[in-house]
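Just need the structure, nothing else, for what follows:
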Amino acid sequence: MKSRRRDDYTELENGLQASLKQVLASDVGGKCPITLDYTQPKAAARIRLGERWRVNPSDELLEKLRSTVGGEAVEVIYDR
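Residues are numbered from 1 along each chain as shown. Predicted structure coming up:
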């Protein structure tokens, strides 16, 4: 599962990080890794969260993530 965020550094400082932690915390313990594409005006990074943040993907989790970061910012990628 991959979560993409628009270039909005201020939101991260204003609680997005805490919100993501809260949303993901209820679904940890799975096998699905979380990767964040983080972009701000002067830099961009792809951040893969550690093993303890792997989740069990579900419709409920996807909906919570979409509510937190915006529907277009959440993408599920299936490995082949």
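
CA atoms for contacts and neighbours, from now on please.
Will do.

Mind telling me what element Lys31 is part of?
Taking DSSP states H and E as the definition, Lys31 sits inside strand 28-32.

Remind me what that strand packs against, helices and strands.
Identification of packing neighbours for strand 28-32 by 3 or more Cα pairs under 8 Å, 6 or more residues apart in numbering; DSSP states H and E yields strand 55.

ok, back up a step: after the strand holding Lys31, heading C-terminal, what element do we hit next?
The helix or strand immediately downstream of strand 28-32 is strand 35-40, counting by DSSP H and E.

and the strand holding Lys31, which residues are buried?
Of the residues in strand 28-32, Val28, Cys32 count as buried by neighbour count, 16 or more other Cα atoms under 10 Å.

Adjacent strands (with direction) for it?
strand 55 (antiparallel) (DSSP bridges).

Just give me the neighbour total for Tyr38.
18 (other Cα atoms under 10 Å).

heads up, I number from 12, so please use that
Shifting the count to begin at 12 puts that one at Tyr49.
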